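Student: fold the following, please.
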Amino acid sequence: MKHNHKSPDRGTRYILCAVVLFSIAVTAIDAFVHPPYFSKIPIKIVFFLALPLLYFFIRKDGRKTLSTPFGFRRQGLLTAVLLGTALYVLILGAYFLLRGVIDFSGVTKSLTEDLGITRTLFPYVAVYIAVFNSFLEEFFFRGFGFFPLRQTMSVRFAYLFSPVLFALYHVGMLVGMFHPAVLVLLMLGLIAGGLIFNALNDRFGCLYPSWFVHMSANLAINTIGFLLFDAV
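Tutor: Residues are numbered from 1 along each chain as shown. Presented below is the predicted three-dimensional model:
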């Protein structure tokens, strides 16, 4: 796959600003407003799906650019299944190894008190997080924040930009759940995950492999959520 690296044009500058501003907006709402979880869904749809789609449909070559991440390629499926399965086992194994060291009580407290998620509601939230939320984040941070920039910016910048924003965006929802040192480790893990997602996208030229791996990671986190709720 050949990539032509040009100086940033007007569209590229818009994407850079939009990814930063939209990420900050959602993070600030999470950190300072603390809306009920289901109230956040339309907010995220606006910032992570509707506004990026509007950009693609307004630009003359936007629809062609949009077709790239959604061009299905079967070659990436086996890699995605293997990576997704390995990541699920890794995350769940890390939880069992570290649950005696890291205090996870803040997770259920934050879910119930800040977001209004009870044990009864959690299965519905888990389905949304695994399938739909992972898609919104992949479309925004990879389909909008990586694919177009991969064509116009340096490879290093394109690879690092969305993972760093992807990690910082999670601060708003994770702050208060963990000790600051654990939060820093989680941020580093999210950056590493974002780099892997970008590599999958670049290797297979579409969004589906990274989306599947992202779903697998969220399924592992949801499994931990069920374990924590049962332990309360």
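
Student: CA atoms for contacts and neighbours, from now on please.
Tutor: Fine.

Student: any weak-confidence spans in the chain?
Tutor: 1-7, 114, 231-232 (pLDDT under 70).

Student: which residue is nearest the middle of it?
Tutor: residue 137 (4.0 Å; CA atoms, centre = their mean).

Student: just to be sure, it is in a helix?
Tutor: Yes: under DSSP: H, G, I helix; E, B strand; the rest coil, residue 137 sits within a helix.

Student: from residue 85, how far off is the residue nearest to it when sequence neighbours are not counted?
Tutor: Once flanking residues are discounted, residue 137 sits nearest to residue 48: 6.9 Å by CA to CA, 6 or more residues apart in numbering. For residue 48, the distance to residue 85 (CA to CA, to the nearest Å) stands at 27 Å.

Student: of these two, which one has the most company?
Tutor: residue 48 (25 against 16; other CA atoms under 10 Å).

Student: ok, which stretches of the chain are helices?
Tutor: 10-28, 37-45, 51-58, 62-67, 75-98, 105-109, 122-127, 134-138, 147-152, 155-169, 171-174, 180-204, 208-231 (DSSP state H).

Student: turn these into a markdown table, columns for distance to residue 115.
Tutor: Output for the helices of the chain, formatted as a markdown table (distance: least, CA to CA, whole Å):
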| stretch | distance to residue 115 |
| --- | --- |
| helix 10-28 | 14 |
| helix 37-45 | 5 |
| helix 51-58 | 25 |
| helix 62-67 | 33 |
| helix 75-98 | 22 |
| helix 105-109 | 9 |
| helix 122-127 | 11 |
| helix 134-138 | 19 |
| helix 147-152 | 33 |
| helix 155-169 | 17 |
| helix 171-174 | 10 |
| helix 180-204 | 19 |
| helix 208-231 | 14 |
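
Student: what sits against residue 107?
Tutor: Residues in contact with residue 107, defined by CA atoms under 8 Å, 6 or more residues apart in numbering, are 177-178.

Student: in stretch 66-85, what counts as buried?
Tutor: Within stretch 66-85, the residues that count as buried by 16 or more other CA atoms under 10 Å are 66, 69, 72, 76-77, 79-80, 83-85.

Student: and the two most separated of those residues?
Tutor: 66 and 85 (28.5 Å; CA to CA).

Student: ok, back up a step: surely the residue nearest to the centre of the chain and residue 45 touch.
Tutor: No: using CA atoms under 8 Å, residue 137 is not in contact with residue 45; the gap is 9.8 Å.

Student: so residue 116 touches residue 36, yeah?
Tutor: Yes: assessed by CA under 8 Å, residue 116 is found in contact with residue 36 at 5.6 Å.

Student: for residue 44, which non-adjacent residue is closest in space?
Tutor: residue 26 (6.9 Å).

Student: distance of that neighbour from residue 46?
Tutor: Residue 26 is 10 Å from residue 46, by CA to CA.

Student: so what's residue 213 up against?
Tutor: 80-81, 83-84, 87, 197.

Student: out of those, which is nearest to residue 94?
Tutor: Nearest member of these to residue 94, counting by CA to CA, is residue 87, at 10.4 Å.

Student: could you find the closest non-adjacent residue to the closest one?
Tutor: That would be residue 217: by CA to CA, 6+ apart, it lies 6.2 Å from residue 87.

Student: for that neighbour, give its distance to residue 91.
Tutor: In terms of CA to CA, residue 217 sits 7 Å off from residue 91.
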